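Enquirer: Quick one: sequence and predicted model below, then my questions.
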Amino acid sequence: MIQDPTEAGSEPDTTKSDGDVLSAVGLKNDAGMAFLAHPDPTKSVAATLFEHAPVPMLMVDQFGKIQHINCATETLFGYTRAALIGEMVEILVPPGARLHHEQLRRGYMAHPTSRPMAEGRRLVARKKDGTEVAVDIAMNTVIMDTSEVAIVLSVVDNSTRDRAEQAELFVKELTHRARNMFAIIGAISRQIARYSTSISDFQIALENRLNSLSTSYQVFEKENWQAALINDLVRSQISFAIKKDAHQIDIGGPELRLQSTPAEYLGLAVHELATNAVKHGALSVPTGAVDVRWAVDEKAETFEFHWVEHDGPPVTPSERKGFGTAILKTIVPAACGGTAQLTVTSVGVSWKLNAPLAMLVSME
């Protein structure tokens, strides 16, 4: 019934709880039924307790066949009594683990003992509808009238505990990301304040950057808050320009994933470049074009990102260094642990980022 995900590929262990299996030994069908319907008062009480126990209980013979189940087993797994009795116990094991489970079961049957199954490990069973449920198992040996040994298995449904643990992990992750987000917003607002000439300028600049962060978070949400695909990140940040002039923007690079913090800052840089290109650069005229490329230099162990504009209107470098310039030349490269070059010529704007591969890119 049980798959221990941490034990895949290991040899059967017949002396410890690691790799224990759900099985029973030495029990014939008629002997099992005799035990459950025995006229002896003690055994009659035992049979009643088995049948009406609040947790699922099963009895399996030496060949791995299920000989008896109680009502709670029917409720948990969705099978009727008639459907389970006589079936191999592997019917309750996830398909991918059945062969390995059978090997472990055979190893266990050589030395059956009463003990918890894989104590401290996460065990998984499979219901009739194909869904999996986290469980704990206790295995207890029973001596039959025939002097043969059977194993009575008591199953505890841990799905509620699993959901609670997942919720706790989610809250911790959410707290971590919220702190990180507020730290980034705080850093951005302080930098914007340094370059703003009025409260109105500050408000507009801050709102634009917050929208950029929000766009990046939508990409993270799509990936279940894991490392983001750089292609998705780039396209999300320039989507407002792509809708209007799709033919003017050429995007390309290997399928790479970025860690959340560097991705947030790179998103800010791409948003800055795209906004400037639409207002003053290559995307402000029909003839202009933008090439966006990224790559990995395995030898140098660096990540490279390049934004190049061409065939746009003549560009004159501004003497005023605003927050946008600070983002591209200082803030983003510092956050990524790398360096950046911002070049403004008569042909257009070019921005190149080089960052350590180990810090920026997640290859998972």
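Expert: Thanks, I have the structure now. Numbers count the residues shown, from 1 in each chain.

Enquirer: C-alpha only now, for contacts and for neighbours.
Expert: Will do.

Enquirer: Am I right that residue 135 is in a strand?
Expert: Yes - assessed by DSSP: H, G, I helix; E, B strand; the rest coil, residue 135 belongs to a strand.

Enquirer: Enumerate every residue touching it.
Expert: In this structure, residue 135 makes contact with 122, 123, 124, 125, 155, 156, 157, 158, 159, judged by CA atoms under 8 Å, 6 or more residues apart in numbering.

Enquirer: Specify the beta-bridge partners of it.
Expert: For residue 135, the beta-bridge partners are residue 123, residue 157 (DSSP bridges).

Enquirer: Next, the buried residues of stretch 241-256.
Expert: For stretch 241-256, burial by neighbour count (16 or more other CA atoms under 10 Å) applies to 241, 242, 245, 248, 249, 256.

Enquirer: now swap in stretch 295-313 and tell me
Expert: Within stretch 295-313, the residues that qualify as buried by neighbour count (16+ other CA under 10 Å) are 295-296, 302-313.

Enquirer: Please apply the same query to stretch 111-127.
Expert: The neighbour-count check on stretch 111-127 (16+ other CA under 10 Å) flags 112-113, 116-119, 121-127 as buried.

Enquirer: roughly how far is it from the heart of the chain?
Expert: 25 Å (CA atoms, centre = their mean, to the nearest Å).

Enquirer: elements contacting the helix or strand harbouring residue 261?
Expert: Counting by DSSP states H and E, the element that carries residue 261 is helix 260-279. Counting contacts by 3 or more CA pairs under 8 Å, 6 or more residues apart in numbering; DSSP states H and E, the secondary-structure elements packed against helix 260-279 are helix 199-222, helix 230-237, helix 332-336.

Enquirer: Figure out how far that helix is from the centre of its chain.
Expert: From the chain centre to the centre of helix 260-279 is a distance of 26 Å (CA atoms, centre = their mean).

Enquirer: Same question for stretch 254-271.
Expert: Taking CA atoms, centre = their mean, one finds stretch 254-271 lying 19 Å from the centre of the chain it belongs to.

Enquirer: Tell me the buried residues in it?
Expert: When burial is assessed from 16+ other CA under 10 Å, stretch 254-271 yields the following buried residues: 256-271.

Enquirer: same deal with stretch 185-202?
Expert: In terms of neighbour count (16+ other CA under 10 Å), stretch 185-202 has its buried residues at 185, 188, 189, 191, 192, 193, 195, 196, 202.

Enquirer: ok now do the second one, which residues does it touch?
Expert: Right, residue 188. Residue 188 neighbours (CA under 8 Å, 6+ apart): residue 206.

Enquirer: Using the three-state scheme, assign it.
Expert: Going by three-state DSSP, the state assigned to residue 188 is helix.

Enquirer: if I look at it, how far off is residue 341?
Expert: In this structure, residue 188 lies at 20 Å from residue 341, with CA to CA, to the nearest Å as the measure.

Enquirer: Ok, the fifth one next?
Expert: Relative to residue 341, residue 192 is positioned 21 Å away (criterion: CA to CA).

Enquirer: sec struct for residue 351, please.
Expert: Using three-state DSSP, the three-state assignment for residue 351 comes out as strand.

Enquirer: count of neighbours near the spatially closest residue to it that is not a sequence neighbour?
Expert: Sequence neighbours aside, residue 342 is the residue nearest to residue 351 in space, at 4.6 Å (criterion: CA to CA, 6 or more residues apart in numbering). Other residues within reach of residue 342, judged by other CA atoms under 10 Å, total 13.
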